[in-house]
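Asker: Give me the fold of what follows.
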Amino acid sequence: MDSAIGRFPAQIEIPQPRKFASPIILLPELFTTRTHLAVLTGFLSTRGWEVYVPDFRAVAGSGGTPTLGRLDFDTASGLVQEAIALLGRDAIVIGHGLGGLIALALAERPHVRAAIALAPALPGFPSPLLLRPATLFALLRRRPLAPPRGRVLADFIANAETFQRRALIDALVADAGRIALQCARGRIRLARFGEAAPRLIVVGDADPFAPIERARVIAGEIGARLVTLSGRGHWLVGGRSIDLAVGEAERFLMRTLGPELMLG
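Answerer: Below you'll find the predicted structure:
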């Protein structure tokens with residue numbers, strides 16, 4: 001259902017019955033929108049989760065927020081924190097790609113019970129999705145970064161269902177190149193173990209944008225649990241990967257949050 005959280009347009013799904021006490025906020029990957037998270041949103045809702053998918057790009061350039069071409073990681077994280085505060089309840093944050101990295105960072109903030117990163121952007125790794133000639137060009141022109149094309153695009157959606165790929169490509173949008181550069185150059189720092197809420201990283205072992213070796217290093221540095229999905233690439237929010245990714249997320253949440261996660 002289309003609605004809003006404060007100043008953010010949002011898709012909100014309230015299941016009947018609701019099984020879990022904490023709502024989930026979903027954060028998209030670079031170049032993607034709530035449209036690309038629709039399958040994951042519906043999947044979680046049918047399992048009894050209350051799901052919120054805010055559109056943070058909609059406020060870029062207004063209310064003191066930098067334009068999309070100038071948006072940085074701290075400001076983007078602050079927008080998510082604002083949305084969480086507006087809910088008035090502690091939430092679980094699940095993000096894909098860049099959204100996953102923001103989720104890991106938000107685990108350090110109040111009102112976040114747990115953070116789950118699906119194929120997250122990895123600080124210090126020059127992913128071809130983040131660091132390419134177009135990134136520097138967009139920054140110099142102070143414009144948003146255009147979505148990928150060619151081989152990078154093919155790798156990006158490789159695990160999506162074949163019949164969905166054209167629609168997914170058509171729905172891609174320009175995004176914040178400054179954040180991409182910050183991540184690729186390792187300018188984003190995450191709190192160590194014990195300084196944040198429980199964190200889970202889920203990656204496919206065939207993902208060129210979140211390689212397992214680098215993900216293992218990051219997980220070790222921050223004390224996050226790491227789960228690898230065999231034969232899976234970057235698109236963990238749909239296709240044949242979604243049931244595996246959600247299953248790992250739910251097991252992690254039950255193990256770390258315990259009975260208090262359940263309603264009633």
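Asker: show me what contacts residue 69?
Answerer: Shown in contact with residue 69 (CB atoms under 8 Å, 6 or more residues apart in numbering): 138-139, 141-144, 176-178. No exception for glycine: its C-beta is placed from N, CA and C like everyone else's.
Asker: er, residue 146 I mean
Answerer: If you count contacts by CB under 8 Å, 6+ apart, then residue 146 has 134, 138, 174 around it.
Asker: In JSON lines: those, plus distance to residue 108, neighbour count and secondary structure.
Answerer: Listed next are the contacts of residue 146 as JSON lines, based on distance: CB to CB, whole Å; neighbours: other CB atoms under 10 Å; DSSP: H, G, I helix; E, B strand; the rest coil:
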{"residue": "134", "distance to residue 108": "31", "neighbour count": "15", "secondary structure": "helix"}
{"residue": "138", "distance to residue 108": "29", "neighbour count": "23", "secondary structure": "helix"}
{"residue": "174", "distance to residue 108": "29", "neighbour count": "16", "secondary structure": "coil"}
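Asker: Go through the residues you listed and say which is closest to residue 168.
Answerer: residue 174 (15.6 Å; CB to CB).
Asker: Leaving aside the residues adjacent along the chain, what's closest to that closest one?
Answerer: residue 144 (3.6 Å; CB to CB, 6 or more residues apart in numbering).
Asker: Would you mind listing where the stretch 101-250 of the chain has pLDDT under the threshold?
Answerer: Residue ranges of the stretch 101-250 of the chain with pLDDT under 70: 193.
Asker: picking that back up, closest to residue 119 out of the contacts of residue 69?
Answerer: residue 176 (18.3 Å).
Asker: Hmm, residue 74 and that closest one touching each other?
Answerer: No. Using CB atoms under 8 Å, residue 176 makes no contact with residue 74, being 11.8 Å away.
Asker: Same drill for the two, tell me which one is more crowded.
Answerer: residue 176 (28 against 11; other CB atoms under 10 Å).
Asker: Please name the residues that touch the nearest residue to that one once chain neighbours are set aside.
Answerer: In space, residue 176 comes closest to residue 71 once its chain neighbours are excluded; the distance is 4.2 Å by CB to CB, 6+ apart. Shown in contact with residue 71 (CB under 8 Å, 6+ apart): 60, 65, 176, 178-179.
Asker: Distance to residue 217 and secondary structure added to the residues you listed, as CSV?
Answerer: As requested, the contacts of residue 71 are exported to CSV (distance: CB to CB, whole Å; DSSP: H, G, I helix; E, B strand; the rest coil):
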residue, distance to residue 217, secondary structure
60, 32, coil
65, 33, coil
176, 25, coil
178, 24, helix
179, 21, helix
